[in-house]
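A.B. asks: Provided below are the primary sequence and the corresponding predicted coordinates.
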Amino acid sequence: MADATKLPEDSEQVDTNSAYVRAIGARLRVVRNQIGLSLHAVAAMSNQEFKASVLGAYERGARAISVPRLQRLAKLYEIPVDQLLPPEHDSARWGASDETEAEDDGPATVRLSSRSRHDQDRVAIDLGRLRSSVGPESEMLRRFLKMIQLQRQDFNGHMITIRTGDLRAIACLFGITADAMSRRLDELSLRAHT
């Protein structure tokens, strides 16, 4: 007689103490914070499918999230599901504690502050205005900027700052110069004033 406590061979027992479960939880927290949502806001947006206490347990790594629930959470956040997984290059850090991750945020802050010297070479676009804007120009901009957000793993959803090279690429898509594209962004009221 088969032992009822054994799992079938094709199922995987999830160790909630595993470094990977904690890494997924940390990634869930980072993305939620970038989007600017509280645990309770996610609960409300999902009609209580993702209760604040359960989502908090996922984020702490105290509970493993299933793939179907991960997919539904990605859909709720309006991002690809793979963006809720920790980057493969961080596999050596999957066991890192929150203190280590907080320390690792230092260089990113330094990089951001060093970028401020080049603010004149950057264009900030208001993503909220872009979402409410209609037409083929807006749709093309949305797709291009979504690609940049995916590359940067930046889902704050309010504003995105693009480099001069990105502006030139967008201008090329529209068949105009970078200066003309910059003026067009102003005409469309898409430039964010920071």
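C.D. replies: Noted; the coordinates are in hand.

A.B. asks: For the chain, which segments count as helices?
C.D. replies: Using DSSP state H, the helices of the chain run over 19-35, 39-45, 52-60, 67-77, 98-115, 127-132, 136-152, 164-174, 178-187.

A.B. asks: wait, which of these is closest to Pro86?
C.D. replies: Pro86 lies closest, by CB to CB, to one member of those: helix 19-35, at 4.0 Å. For glycine as for every other residue, the C-beta is placed from the backbone atoms N, C-alpha and C.

A.B. asks: helices or strands next to that closest one in the packing?
C.D. replies: Applying 3 or more CB pairs under 8 Å, 6 or more residues apart in numbering; DSSP states H and E, we find helix 19-35 packed against helix 52-60, helix 67-77.

A.B. asks: returning to what we had before: is it possible to export the helices of the chain to CSV including mean neighbour count?
C.D. replies: CSV is the format used below for those (neighbours: other CB atoms under 10 Å):
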stretch, mean neighbour count
helix 19-35, 19
helix 39-45, 15
helix 52-60, 18
helix 67-77, 15
helix 98-115, 10
helix 127-132, 14
helix 136-152, 14
helix 164-174, 16
helix 178-187, 15
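
A.B. asks: got those helices as a markdown table, with distance to Leu85 and mean pLDDT columns?
C.D. replies: Shown next, in a markdown table, are those (distance: least, CB to CB, whole Å; pLDDT from 0 to 100):
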| stretch | distance to Leu85 | mean pLDDT |
| --- | --- | --- |
| helix 19-35 | 6 | 88 |
| helix 39-45 | 18 | 92 |
| helix 52-60 | 13 | 93 |
| helix 67-77 | 8 | 91 |
| helix 98-115 | 16 | 33 |
| helix 127-132 | 23 | 88 |
| helix 136-152 | 13 | 85 |
| helix 164-174 | 26 | 84 |
| helix 178-187 | 33 | 87 |
